[in-house]
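[1] Sequence first, predicted model second:
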Amino acid sequence: MDIHKLIEIIKQGESDRVEFKESKTQLTSDVLDTVCSFSNHTGGHLLLGVRDDRDVIITNLLDSYDRLMKFGQKHLSDPFILDGIQSVSARDAILREIFSNILAHRDYSSGLTAKFVIEKNRMYTENANLFNHFRKPADFKGVQRNWSCR
C-alpha cells in the first residue's frame, strides 16, 4: 500500500473495515481481538500506532462551539503572548474566530459535515457553504441574506 492510500484511510477514520490501535510495540489482547474479528469477516485494515481522537459533535450551536473550543485547547499548544502588559491566549483568539465562522457560515441545508482538522504542521477547516462564483473581484455581486418585504 502506498503512503497516499494510507493517509486517505486514516483521514476517513475508523469503520467496520478500518481499526486504529495506539499500541506500537505490543500485541495487546485488543489488537488480537481485532485481527480475529477481521479474519472471521470480510477483512480490513488494522493500523498500529494510530490514535483516533475525533470528536463527532451533534448538538446545538452553543454546545458545539464549547466542544470545539475544548477540542482545540486539548490538541494545540498556547504560546505565551503579551498584549501590552497582559498575557493573552493567541490560540483561544484564533480558535474563537475559526469556530464562530465555521458554525455561523455553514450551509445547514447541505448533507456535508463541517470539519476542523489538526495535522502535524497545519490546521484547516472543511465546510459546506454557498459560494457566489465570480472570476474577478470587479464581477462580484453580493447575495442578499436578510430579505425584507416592501
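    Received the coordinates, thanks. Numbers count the residues shown, from 1 in each chain.
[2] Beyond the helix or strand encompassing residue 39, next helix or strand please.
    According to DSSP states H and E, residue 39 maps onto helix 29-40. Counting by DSSP H and E, the element after helix 29-40 in chain order, helix or strand, is strand 45-48.
[3] After that following strand, which helix or strand is next? Please name it.
    Later in the chain than strand 45-48, the nearest helix or strand by DSSP H and E is helix 61-75.
[4] I'd like to know which elements that next one is packed against.
    Here helix 61-75 touches helix 90-104, strand 115-118, going by 3 or more CB pairs under 8 Å, 6 or more residues apart in numbering; DSSP states H and E. Every C-beta, even on glycine, is put in place using the N, C-alpha and C of the backbone.
[5] Parallel or antiparallel, which strands does the next helix or strand after the last one pair with?
    Past strand 115-118, heading to the C-terminal end, the next element that is a helix or strand (DSSP H and E) is strand 123-126. Counting by DSSP bridges, the strands paired with strand 123-126 are strand 115-118 (antiparallel).
[6] still on that earlier bit, show residues contacting the helix holding residue 39.
    By CB atoms under 8 Å, 6 or more residues apart in numbering, the surrounding residues in contact with helix 29-40 are 17, 19, 21, 23, 44, 46, 48.
[7] residues touching the fifth one, list them.
    Right, the one you point to is residue 44. Neighbouring residues of residue 44 by CB under 8 Å, 6+ apart: 16, 17, 18, 19, 38.
[8] Please produce JSON lines containing the helices and strands packed on helix 61-75, extended by distance to residue 65, mean neighbour count and mean pLDDT.
    JSON lines is the format used below for the helices and strands packed on helix 61-75 (distance: least, CB to CB, whole Å; neighbours: other CB atoms under 10 Å; pLDDT from 0 to 100):
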{"stretch": "helix 90-104", "distance to residue 65": "6", "mean neighbour count": "15", "mean pLDDT": "88"}
{"stretch": "strand 115-118", "distance to residue 65": "11", "mean neighbour count": "14", "mean pLDDT": "81"}
